[in-house]
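# quick one, fold the following:
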Amino acid sequence: MLRWLSLLSSVAMLYCSDPTNGNTGFDTDSNTSTDSNTDTGADTHGDTDTETVTDTGTDTDTDSETTGDTDSGAVPRIDGFFVQPSLGYGATSFDRFSSQQEYTDWVQTMKDAGATMLFYQWTMHYWHNQTWFSDAYGEPSSADFAFYDTTLEPLEGIAARAWVTPTSWPGAPSTGGKEPVEYLLDAGQAAGVEIWLGLYLCEDDNAFNWWQAVADTDLTEEDVAIIDYHMARSVEVVDELYEKYGDHPALGGFYYSVEVENVAFIPDTNTTLLAALLDYVADAVHAHDPQLRLAISPFFNTALSTPEEFGAMWHYALSNSDIDVVILQDGAGVDPFTLTDNTDLISPFFEAMAGAASASGKELWGNAELFTNLGTRLAPQFVPGSIAQLERQLTAEAPFVEKFVCFGFQYMDPHDDYVLTPPMGGDAATDATLRQTLYDDYRGYLETLKK
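Next comes the predicted model:
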């Protein structure tokens, strides 16, 4: 672990130690301005909610006067979708997503709903104790599993291996097919949809669990080692994906799969680490092609900080890193009470992030969550949201952002047989009906925008 502790520490040393005034010794390529301070937040891609209410002690008296240009903004419509891949949904398995036609038809349904982008949330993810797979295709059963043919070496004792390459599943390379990422890129090219490839994420306590590292403001050596691991593995994935697919016409950019909330990096003493972890991977992307972009999708919990605190964090991080695009989750799916007919707790966070992005020359996009929560934050029950809720989200956020990429398509996927496990609404038929309804209602909403 100390090997990776030294990685983040050495990168962070490039940043001077006073994040409150933006006075750094790190030379970025972005136009930075230090008289803007704002804040933002949103919530998470599905089941990855980790938060600890802490007293960060952050000084909220900043010099920011920039709140973003609210006189212009995005048209309130979805420009792209996130997809959270798993075997059988967005990735080849033994019984699904096993032909180019299936991938192409799937991406076309997104295009038919107005999408010009698809964000594949990760191309490599840690899964633990997959003995059903290792029994058939050899050890290890726990690894960083990839949706492409990876040849990466073990990192800190954790192997990297491909899901599909060893198999004889229909559509696998051994049966004359392709890897999931290649199918996806070719589908994007056929449909005219840009594919942004996600990098790496671990969400398991048996390895380098990202959510453990960022659960509170006390960044221990173990936490920093986890952050280091994600930086290092993500750069390896960037290098490998670019070598394999960098010249594919459908490649739109890369997506940094880690998610940042308004907790761990809020204190001034930790904010330099946020800038470092962003810049390290952004530099790796730009080293391959300066025009190639890296995006990240942070979120906020309205109970954990003020918009001003979150904005101060992001103003510093964006001003001192070469990350290109921020796609702010709105959290209105996880916490529906934050945006209702009578309440709007999210716009101040979007306004704050808009100021931070504008001051640092970065693009800000919105991520209006396509689900609602019938349970609680700690015991969620996610189902597709209503068109009324989605229209409310898009309308509230549009003044602050340039476009929308929304999580996740599985909540409005019209394919009847693409049922989640367990099914939403309690059974497969209800699951399919809820998704189809939101898909149809949203396409109807798009027609009203043309009038």
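# ok, which stretches of the stretch 301-450 of the chain are strands?
For the stretch 301-450 of the chain, strands defined by DSSP state E, counting those that start in this stretch occupy the ranges 325-329, 363-367, 371-373, 382-384, 405-406.
# make JSON lines out of the ones you listed and add distance to Pro422.
(C-beta placed from N, C-alpha, C; glycine too.) As requested, these are exported to JSON lines (distance: least, Cβ to Cβ, whole Å):
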{"stretch": "strand 325-329", "distance to Pro422": "24"}
{"stretch": "strand 363-367", "distance to Pro422": "25"}
{"stretch": "strand 371-373", "distance to Pro422": "15"}
{"stretch": "strand 382-384", "distance to Pro422": "11"}
{"stretch": "strand 405-406", "distance to Pro422": "23"}
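# nearest to Gly188, of these?
The closest of the strands of the stretch 301-450 of the chain to Gly188 is strand 405-406. By Cβ to Cβ, the value is 14.1 Å.
# now that closest one: average pLDDT?
Mean pLDDT, computed over strand 405-406, is 98.
# what do you get for stretch 355-371?
98.
# how about the helices in the protein?
All helices of the chain, identified by DSSP state H, fall at 2-12, 100-112, 131-137, 180-191, 210-213, 221-245, 268-288, 307-319, 347-360, 387-397, 428-449.
# including mean neighbour count, could the ones you listed go into a markdown table?
Output for the helices of the chain, formatted as a markdown table (neighbours: other Cβ atoms under 10 Å):
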| stretch | mean neighbour count |
| --- | --- |
| helix 2-12 | 16 |
| helix 100-112 | 18 |
| helix 131-137 | 13 |
| helix 180-191 | 23 |
| helix 210-213 | 22 |
| helix 221-245 | 21 |
| helix 268-288 | 22 |
| helix 307-319 | 29 |
| helix 347-360 | 26 |
| helix 387-397 | 20 |
| helix 428-449 | 16 |
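# got those helices as CSV, with distance to Pro85 columns?
Formatted as CSV, those follow (distance: least, Cβ to Cβ, whole Å):
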stretch, distance to Pro85
helix 2-12, 26
helix 100-112, 11
helix 131-137, 16
helix 180-191, 7
helix 210-213, 17
helix 221-245, 14
helix 268-288, 20
helix 307-319, 27
helix 347-360, 27
helix 387-397, 23
helix 428-449, 17
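# ok, back up a step: take the strands of the stretch 301-450 of the chain and lay them out in a markdown table including mean neighbour count.
As requested, these are exported to a markdown table (neighbours: other Cβ under 10 Å):
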| stretch | mean neighbour count |
| --- | --- |
| strand 325-329 | 26 |
| strand 363-367 | 25 |
| strand 371-373 | 23 |
| strand 382-384 | 22 |
| strand 405-406 | 27 |
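# so which of those strands gets nearest Thr131?
strand 382-384 (28.4 Å).
# contact partners of the closest one?
Here strand 382-384 makes contact (Cβ atoms under 8 Å, 6 or more residues apart in numbering) with 46, 333, 370-374, 411-412, 424-425, 434-435, 437-438.
# where are the low-confidence patches of the stretch 51-200 of the chain?
51-72 (pLDDT under 70).
# now Leu328: how far from Gly157?
Remark: distance between Leu328 and Gly157 (Cβ to Cβ, to the nearest Å) = 35 Å.
# and Trp106, by the same measure?
36 Å.
# is it true that Asp239 touches Ala284?
Yes - contact criterion Cβ atoms under 8 Å: Asp239 and Ala284 qualify, at 6.9 Å.
# does Gln431 really touch Met424, like I thought?
Actually, residue 431 is Asp. It isn't Gln. Yes - the pair Asp431 / Met424 is scored as a contact, 4.5 Å apart, by Cβ under 8 Å.
# give me the contacts around stretch 440-451.
75-78, 112-114, 386-387, 390-391, 412, 414.
# repeat the analysis, applying 7 Å as the threshold.
Val75, Arg77, Ala113, Gly114, Ile387, Leu390, Glu391, Met412 (Cβ atoms under 7 Å, 6 or more residues apart in numbering).
# stretch 254-270: which residues count as buried?
Neighbour counts over stretch 254-270 (16 or more other Cβ atoms under 10 Å) mark 254-268, 270 as buried.
# on that earlier part again, what is in contact with Asp239 and Ala284 at once?
With Cβ under 7 Å, 6+ apart, Asp239 and Ala284 have no common neighbours.
# I'd like the distance between the nearest residue to Asn367 once chain neighbours are set aside and Gly366.
Among residues not flanking Asn367 along the chain, Gln329 sits closest, at 4.4 Å (Cβ to Cβ, 6 or more residues apart in numbering). Noted for Gln329: a distance of 9 Å to Gly366, by Cβ to Cβ.
# same check on Trp127?
30 Å.
# what of Lys244?
31 Å.
# check Leu304 too.
With Cβ to Cβ as the criterion, Leu304 and Gly366 are 20 Å apart.
# for Thr269, same thing?
30 Å.
# what is the neighbour count of the nearest residue to Ser142 once chain neighbours are set aside?
Counting by Cβ to Cβ, 6+ apart, Ser142 lies nearest to His128, which is 4.7 Å off, once chain neighbours are set aside. The number of residues packed near His128 is 13, by other Cβ atoms under 10 Å.
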